[in-house]
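J.: give me a model of this one.
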Amino acid sequence: MSNPFVQIVEPLDPKQPLKKFFNLSKLEDVRYAHLPFSIRILLEAAIRNCDEFLVKKEDVENILNWKVMQHKNVEVPFKPARVILQDFTGVPAVVDFAAMRDAVKKLGGDPEKINPICPADLVIDHSIQVDFNRQPDSLQKNQELEFERNKERFEFLKWGSQAFKNLRIIPPGSGIIHQVNLEYLARVVMDQDGYYYPDSVVGTDSHTTMIDGLGVLGWGVGGIEAEAVMLGQPISMVLPEVVGYKLVGNPQPLVTSTDIVLTITKHLRQVGVVGKFVEFFGPGVAQLSIADRATIANMCPEYGATAAYFPVDDISIGYLVQTGRDKEKVMCTKRYLEAVGMLRDFTNSSQDPDFTQVVELDLHTVVPCCSGPKRPQDKVAVSDMKKDFETCLGAKQGFKGFQIAPDRHNSIVKFNFEGHDFELAHGSVVIAAITSCTNTSNPSVMLGAGLLAKKAVEAGLTVKPYIKTSLSPGSGVVTYYLRESGVMRYLSQLGFDVVGYGCMTCIGNSGPLPESVVEAITQGDLVAVGVLSGNRNFEGRVHPNTRANYLASPPLVIAYAIAGTIRIDFEKEPLGINASGKKIFLKDIWPTRNEIQAVERQFVIPGMFKEVYEKIETVNKAWNALDAPSDKLYTWNPKSTYIKSPPFFDGLTLALQTPKTVEGAYVLLSFGDSVTTDHISPAGNIARNSPAARYLTSRGLTPREFNSYGSRRGNDAVMARGTFANIRLVNKFIDKQGPQTIHFPSGETLDVFDAAERYKQAGHPLIVLAGKEYGAGSSRDWAAKGPFLLGVKAVLAESYERIHRSNLVGMGVIPLQYLPGEDAGTLGLTGRERYTIIIPENLKPQMNVQIKLDTGKTFNAIMRFDTDVELTYFHNGGILNYMIRKMAS
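T.: Numbers count the residues shown, from 1 in each chain. Down below sits the predicted model:
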């Protein structure tokens, strides 16, 4: 073994000399005990993988010296233990792998070198939609339609699981990626190749951070970066600052974990934790279950941190037992963590490490709340919801405004649904979804919803039939304990039947609303509402017809569904009036914490987890029946509208091309702040009048067969046309929302794709102008691939979301950032100029580059290649080109 730290390797158990570990306590370095627990995991990985090539002794020293080096923008490598993917991001990853094999073969290399080295799990959870609800067979019908729409994609993924080693597929119908990871895939401590070491994971979904709640360090990366990790490359990252988040006190009896996470999200947004780790500590952590911690860690992307880490403690160990993990392995896990100083006691302050800064939350101060109407960080106390929504109605168009004229605030539209007359108004709830791993992984809020439903039904309350209600659990375990505890039938009576096991409404797979409801919303230009127990509520994401969307706990989702409106003060107004004429208030049916805990103790048991997960890879008969090819090179079907060989590697040679100055670029789009990856590359419905729809129609498809953008990420022709296709896109060149822009040479207003094609045919490069937080939201590699295919050479923004900047780098698109204190306004940029970006020969990380305009104006911007490795990728035209050259040479 060539590792320079081989002297600290020893057996964990003398009786098993072949099972070893790197004993970090043998470093005998006083700095180790002061490191945040999250940094200790980075250190262990660096020591274990130290080969003086990809990982050097200098890297180990930099991590050990974290207290000093955290402020010095120092780059360190990290090799995670695992990679996890979902199918929306997993399909394009497998497409890229298949295309890379073709490219390596063309360059004279061995195509089978393109193979995951790092173990990868791909969970199919993003394809199912809420097409059917409020029917006894909704689940079966939705799953049948899922297979009908996605058979081609699923056959391709099944091919991938056979063609590539170290790639395991969890079939559709199994659950949501992060809940399956929490309950089944996560090890906490790995036992692999004769060594014990901390489990760690990167995933192609931003909410990979959910696993931090169990003490497994994990975060989301771009699909492109994940592919490099799968091929054995370390992640190159700037050694992060670590914000210590101290929890004290006990939550109030009526508060849920959802209320806590929405409070923390708003707080940490205000603190400012972008690009940092957050590590939780303090006696309040001991009051939280693993499910509570996972809920808090899940929404880490919404507060902007890289990771939201809860070190492993005895409650974590107990969770492993509760979820049916092997008891002997659990004991080894505890013994290993004790040996390396990574087992935490949150009540023992002498264990508290050093942090960059410390912020504190008293859990007793948390009140029931929601977030919205357009962003997850915009927390609103439940007691203020009615007033806040009514203020938003008249406020200027923006994150907290809809700009509805005052004389129309009380507009009512009558409509008929299934032979009965109803009314809709601003604030009417039309979607109520118990969805998302954020909450369905947490038995306390799910059983709380079930108990509330039971009391509501017994009190004679109902949900109006036109409201699209649904329950999409993150695993079969949820259905098991809801059924066994006797609350499932009450949920069904209120319309919350199980409609599928997947992300569904949370990612925009909410399915169609009734025609009469859509007509009423359109006729009255109503601000209709979706209420969901998810983690994202950006405009246009949940459903095109719900302009306001609120994140809420599962019990509150049911409460607002019963009320039928967001314009209700639960303290003063009844949820409804039963058949006897009695007013029923929310407080009359809200279950107590003690009630919920008693049911949870009785019905959430290890046997359920074992029974569900023992058969997870074989239980789906439709998946088992799929016939997939067995060739090592994929045979592309030119007739396919789902799977297509991408053009990323066309013309690739072994020789490097010197990066050239970008000459006379036009601005394709000009944005303000908080443009999300949903705006750049939507995952939901394909509008019938869009370029993507025109392409699919030309291939012989009907609108019913379009499926979603997310499902077509294996086809670049659809995805390029779907880039910037969000109907809520706000482009400063256009005076209304929509996916259009101005083609400046002609002055015509065109769909974005059509304008980009005109520029490309004329040989004109393109750039995009943006404000703060460009690329916020989901880790979506097509939000970088799409602009690349449109001919975008650079983005100039005030700031970037971490994963999206990494994805731009991965595709060879230059992320430029205004100098501090400057922006488009201060520089007087209109976006109608032409931009020349001077690329010097000797590039350095985060160097300033000069930008010249055709108006004669010149200014500087920061080129956000943050590390030498990122510059290497840029010189290669992107990370995948780099990997192909490396494998082919």
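
J.: what's the lengthiest helix in the chain packed up against?
T.: Across the chain, the longest stretch assigned as helix under DSSP state H is helix 138-163. With contacts taken as 3 or more Cβ pairs under 8 Å, 6 or more residues apart in numbering; DSSP states H and E, helix 138-163 sits against helix 87-106, strand 120-123, strand 167-170, helix 621-624. C-beta: built from backbone N, CA, C; applies to glycine.

J.: repeat the analysis, applying 6 Å as the threshold.
T.: Judged by 3 or more Cβ pairs under 6 Å, 6 or more residues apart in numbering; DSSP states H and E, helix 138-163 is in contact with strand 167-170.

J.: just the CA atoms of the helix or strand following the strand it packs on, as PDB, please.
T.: Next helix or strand after strand 167-170 toward the C-terminus (DSSP states H and E): helix 177-180. C-alpha atoms of helix 177-180 as PDB (Å, rounded to 0.1, in the frame of the first residue of the first chain):
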ATOM      1  CA  ILE A 177     -34.900   8.600  -3.600                       C
ATOM      2  CA  HIS A 178     -34.000  10.300  -0.400                       C
ATOM      3  CA  GLN A 179     -36.400   8.300   1.800                       C
ATOM      4  CA  VAL A 180     -35.200   5.100   0.300                       C
END
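
J.: how about residues contacting the longest strand belonging to the chain?
T.: Longest strand of the chain, by residue count under DSSP state E: strand 662-670. Contact with strand 662-670 is made by 731-733, 741, 744, 759, 764-769, 793, 831, 834-837, as judged by Cβ atoms under 6 Å, 6 or more residues apart in numbering.

J.: tell me which residues of that strand are tucked away?
T.: 662, 665-670 (16 or more other Cβ atoms under 10 Å).

J.: name every strand pairing with it and say which way it goes.
T.: Applying DSSP bridges to the sheet, strand 662-670 is found paired with strand 766-769 (parallel), strand 835-837 (antiparallel).

J.: now do that strand, average pLDDT.
T.: Mean per-residue pLDDT for strand 662-670: 98.

J.: check which helix or strand Q817 maps to.
T.: strand 814-818.

J.: on that earlier part again, I'd like the next helix or strand past the longest strand of the chain.
T.: Criterion used, DSSP H and E; the element after strand 662-670 is helix 677-680.

J.: after that next one comes which helix or strand?
T.: Per DSSP H and E, the helix or strand that comes after helix 677-680 is helix 691-698.

J.: please report how far P555 lies from L494.
T.: 12 Å (Cβ to Cβ, to the nearest Å).

J.: oh, I was asking about L656
T.: 62 Å.

J.: so between these two, which is more surrounded?
T.: L494 (24 against 13; other Cβ atoms under 10 Å).

J.: wait, what's in contact with the more buried one?
T.: 453, 463.

J.: quick check, pLDDT for it.
T.: Model confidence at L494, given as pLDDT, is 98.

J.: and if you look at H267?
T.: 96.

J.: element containing it, please.
T.: helix 257-271.

J.: just checking, what packs against whatever helix or strand comes next after that helix?
T.: The C-terminal neighbour of helix 257-271 among helices and strands, as given by DSSP H and E, is strand 277-281. For strand 277-281, the packing partners by 3+ Cβ pairs under 6 Å, 6+ apart come out as strand 242-248, strand 307-309.

J.: save these as JSON lines, and put in mean neighbour count too.
T.: Formatted as JSON lines, those follow (neighbours: other Cβ atoms under 10 Å):
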{"stretch": "strand 242-248", "mean neighbour count": "22"}
{"stretch": "strand 307-309", "mean neighbour count": "28"}
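
J.: so which of these gets nearest D823?
T.: strand 242-248 (26.5 Å; Cβ to Cβ).

J.: which strands and helices lie in contact with that closest one?
T.: So strand 242-248, by 3+ Cβ pairs under 6 Å, 6+ apart, packs with strand 277-281, strand 357-362.

J.: tell me the mean pLDDT over the shortest one?
T.: Going back to what we said before, that points to strand 277-281. 98.

J.: contacting residues around that strand?
T.: Taking Cβ under 6 Å, 6+ apart as the rule, strand 277-281 contacts 36, 38, 240, 242-246, 305-310, 352.

J.: quick one: which of those is nearest P647?
T.: T306 (32.0 Å).

J.: so that closest one sits right up against G218, yeah?
T.: No - T306 lies out of contact with G218 (Cβ atoms under 6 Å); the separation is 10.2 Å.

J.: tabulate the buried residues of strand 662-670 (a markdown table), appending distance to P820.
T.: Listed next are the buried residues of strand 662-670 as a markdown table, based on distance: Cβ to Cβ, whole Å:
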| residue | distance to P820 |
| --- | --- |
| V662 | 23 |
| A665 | 24 |
| Y666 | 27 |
| V667 | 22 |
| L668 | 26 |
| L669 | 24 |
| S670 | 21 |
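
J.: tell me the one of those residues nearest L288?
T.: Nearest member of the buried residues of strand 662-670 to L288, counting by Cβ to Cβ, is L669, at 42.8 Å.

J.: what residues are bridge-paired with the closest one?
T.: V768.

J.: report the separation between it and R834.
T.: 15 Å.

J.: and what of K632?
T.: 47 Å.

J.: for the helices and strands packed on strand 277-281, give me JSON lines that also has mean pLDDT and distance to L586.
T.: Conversion of those to JSON lines gives the following (pLDDT from 0 to 100; distance: least, Cβ to Cβ, whole Å):
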{"stretch": "strand 242-248", "mean pLDDT": "98", "distance to L586": "27"}
{"stretch": "strand 307-309", "mean pLDDT": "98", "distance to L586": "31"}
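
J.: how about those, which one is nearest L532?
T.: It's strand 307-309; of the helices and strands packed on strand 277-281, that one is closest to L532 (Cβ to Cβ) at 21.2 Å.

J.: identify the residue spatially nearest to V248, adjacent ones excluded.
T.: The shortest distance from V248 to any non-neighbouring residue, by Cβ to Cβ, 6 or more residues apart in numbering, is to G284 (4.7 Å).

J.: just the CA trace of stretch 220-229, in PDB.
T.: Extracted C-alpha coordinates of stretch 220-229, given in PDB (Å, rounded to 0.1, in the frame of the first residue of the first chain):
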ATOM      1  CA  GLY A 220     -26.200  17.500  -4.300                       C
ATOM      2  CA  VAL A 221     -23.900  17.900  -7.200                       C
ATOM      3  CA  GLY A 222     -24.600  18.400 -10.900                       C
ATOM      4  CA  GLY A 223     -25.200  15.300 -13.000                       C
ATOM      5  CA  ILE A 224     -22.000  16.100 -14.900                       C
ATOM      6  CA  GLU A 225     -19.900  16.200 -11.800                       C
ATOM      7  CA  ALA A 226     -21.500  13.000 -10.500                       C
ATOM      8  CA  GLU A 227     -20.600  11.200 -13.600                       C
ATOM      9  CA  ALA A 228     -16.900  12.100 -13.000                       C
ATOM     10  CA  VAL A 229     -17.200  10.900  -9.400                       C
END
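
J.: chain center to it: distance?
T.: 13 Å (Cα atoms, centre = their mean, to the nearest Å).

J.: now stretch 789-808, how far from the centre of its chain.
T.: With Cα atoms, centre = their mean as the basis, stretch 789-808 stands 18 Å off its chain's centre.
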